[in-house]
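Q: next input, structure requested:
(4 chains)
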There are 2 protein chains.
Amino acid sequence: MTVAPRHPPLPVGDLEDAARVVREAGGRLTAPRRAVLEALFAAEGPVTAEQIADGLGGRLPTTEAVSVYRNLDWLEEIGVVRHVHLGHGAGLYQLAGAAEHAYLVCERCAGVTRLDAARLRRVRAEIEKASGFHAHFDHFPIHGLCPACAAGA
Amino acid sequence: MTVAPRHPPLPVGDLEDAARVVREAGGRLTAPRRAVLEALFAAEGPVTAEQIADGLGGRLPTTEAVSVYRNLDWLEEIGVVRHVHLGHGAGLYQLAGAAEHAYLVCERCAGVTRLDAARLRRVRAEIEKASGFHAHFDHFPIHGLCPACAAGA
DNA sequence: CCCGTACTGATACGGGGTTGCAATAAGACC
DNA sequence: GGTCTTATTGCAACCCCGTATCAGTACGGG
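A: Next comes the predicted model:
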């Protein structure tokens, strides 16, 4: 689990597409690797390695946790997978999408809101103006109070 | 290690001040607790629990790690301490300051820049406009490319 | 100076992830 | 299809960063 991506995101459309990318990267499409990819395609949102190992709660065959970790790492290295942290617990993995998403986590109700890149342009511009940093919002969440909790507080 | 502060920050100016606050919160000023506070005052920036337990690398007497964790937790509950995460590793603890600081972490060189609240007003405003969230930047870092690495990339 | 109880230290345990290594199986080449 | 190379697996042991339990200690109000 690297903190920074080594390769640019390499979005894949389906399993077949992923298989091609895997081979092009010099990898083999083994059963555990295929299972990890299938789980990522089947998942609704970002999921933990443990959820993948458990077959998303029984919906898919299970996979050895250690193989899940190794495959997620490697798939992340080649750009197919990304992981985010939405709190103190386990990292959450997902297929690398074409567009960056920010995750807004409410510190009171723990609710998570996904915001797409387009709406962050001005945020990034303000950060750049204030610090020179070119911010990415796809690895650590933006923490704070959601509208409802802010109103109640 | 709570993810969200339970109490508003309660900045303390020096050890004596901290001792008063500890007693007012119904706590006792034991040797390990004093040691943790001394380490936090002596530290240059945010430090790990382990660094505190080690006496900041020998500069101060050592303290049992388990007591360091318990004291940091309790001090955080009463508002004297805050912790941040600047990456995948251990949390980093510091005395709660009066002003919020954001931590900008470069994903390439891992350099950390501290930015104070005043310069974040417009950033926060843009996030509020885009999502309704009232963002805090003092718990998770803003991840991205520092000016130097952005130029080199 | 006493005494209740907040706190300590030793130990065990937990989640989350990584590493070492022998055994297995993809898939390139024939 | 058979062979062979080596990427990958699965098991087990391990590591980091903390937490929980609990008997014993010591802080500090009276």
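Q: in three-state terms, label A:Arg114 for me.
A: Each residue gets one of three states, and A:Arg114 gets strand by DSSP: H, G, I helix; E, B strand; the rest coil.
Q: burial check on it, number of neighbours?
A: Counted with other C-beta atoms under 10 Å in any protein chain shown, residues neighbouring A:Arg114 total 11. Quick note: C-beta positions are derived from backbone N, CA and C, even for glycine.
Q: wait, doesn't it sit right on A:Glu100?
A: No: using C-beta atoms under 8 Å, A:Arg114 makes no contact with A:Glu100, being 10.7 Å away.
Q: show me the shaky parts of chain A.
A: Under the criterion of pLDDT under 70, the regions of chain A flagged as low confidence span A:153.
Q: contact residues of it facing DNA strand C?
A: Within chain A, the residues that sit near DNA strand C (C-beta under 7 Å from any atom of the strand) are A:1, A:22-23, A:28-31, A:48-50, A:65-66, A:69-70, A:73, A:89-91.
Q: can you give me the helices in chain A?
A: Assigned by DSSP state H, chain A shows helices spanning A:15-24, A:31-42, A:49-53, A:55-58, A:65-77, A:121-131, A:147-152.
Q: mind putting those helices in a markdown table, mean neighbour count and distance to B:His139 included?
A: Rendered in a markdown table, the data for the helices of chain A read as follows (neighbours: other C-beta atoms under 10 Å in any protein chain shown; distance: least, C-beta to C-beta, whole Å):
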| stretch | mean neighbour count | distance to B:His139 |
| --- | --- | --- |
| helix A:15-24 | 15 | 35 |
| helix A:31-42 | 19 | 28 |
| helix A:49-53 | 20 | 24 |
| helix A:55-58 | 12 | 30 |
| helix A:65-77 | 18 | 24 |
| helix A:121-131 | 18 | 17 |
| helix A:147-152 | 13 | 15 |
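Q: so which of these comes closest to B:Val105?
A: Each of the helices of chain A was scored for nearness to B:Val105 using C-beta to C-beta, and the closest is helix A:121-131 (11.5 Å).
Q: angle of the closest one against strand A:112-116?
A: Between the axis of helix A:121-131 and that of strand A:112-116 there is an angle of 90 degrees, by axes from the mean of the first three to the mean of the last three C-alpha atoms, to 10 degrees.
Q: for A:Cys149, which residues are in contact?
A: With contacts taken as C-beta atoms under 8 Å, 6 or more residues apart in numbering or on different chains, A:Cys149 has the following neighbours: A:106, A:108-109.
Q: quick one: which of the residues you listed is nearest A:Leu40?
A: Once C-beta to C-beta is applied, the member of the contacts of A:Cys149 that ends up nearest A:Leu40 is A:Cys106, at 25.9 Å.
Q: and the closest one, how far is that from DNA strand D?
A: When C-beta to the nearest atom of the strand, to the nearest Å is applied, the distance between A:Cys106 and DNA strand D equals 20 Å.
Q: next one: A:Ala49
A: Spatial separation of A:Ala49 from DNA strand D under the definition C-beta to the nearest atom of the strand is 13 Å.
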